[in-house]
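Participant: my questions are about this predicted structure, shown below with the sequence.
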Amino acid sequence: EVQLVESGGGLVQAGGSLRLSCAASGFTSDNYIIGWFRQAPGKEREGVSCISSSDGTTYYADSIKGRFAISSDNAKNTVTVILQMNSLKAEDTAVYYCNVDERATHTNYWGKGTLVTVSS
């Protein structure tokens, strides 16, 4: 079973930056998509960004293109995915969740979430 540990949320002023990190372990295969979702108060959870293990293809939601960047680092038994968030806006305020879509087992895993608050 994949385990996810998130870190890096917090309070920042508009225009500032934050870096979210997610350490993932326990993969049963090397075919997965790892990334971030977020859920703002009163809104549905939405995909923010993700990266494919097979070819490194990345996805960014339109609302964060040009401001956020996703990267991953593969060490022995652990994958760390970083979401660098720049030029933050008040509307980026949300709980950010790390997610793994393990293709071989058709299983989705979720982290507990980390709160990002952007003050205007």
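Facilitator: Looks like it arrived, so ask away. Since this is a predicted model, take the numbers as computed values, not measurements. Residues are numbered from 1 along each chain as shown.

Participant: C-alpha only now, for contacts and for neighbours.
Facilitator: OK.

Participant: how close does the nearest residue to Phe68 once chain neighbours are set aside get to Ser63?
Facilitator: The shortest distance from Phe68 to any non-neighbouring residue, by CA to CA, 6 or more residues apart in numbering, is to Met85 (4.5 Å). Distance of Met85 to Ser63, computed by CA to CA, to the nearest Å: 12 Å.

Participant: looking at those two, which is more packed in?
Facilitator: Met85 (20 against 11; other CA atoms under 10 Å).

Participant: just say helix, strand or coil for Glu91.
Facilitator: Judged by DSSP: H, G, I helix; E, B strand; the rest coil, the three-state class of Glu91 is helix.

Participant: ok, then the element right after the helix or strand Gln84 falls within?
Facilitator: Secondary structure assignment for Gln84, by DSSP states H and E: strand 78-85. Sequence order places strand 94-102 as the next helix or strand after strand 78-85, per DSSP H and E.

Participant: now the angle between strand 78-85 and that next one, please.
Facilitator: Strand 94-102 runs at 140 degrees relative to strand 78-85, counting by axes from the mean of the first three to the mean of the last three CA atoms, to 10 degrees.
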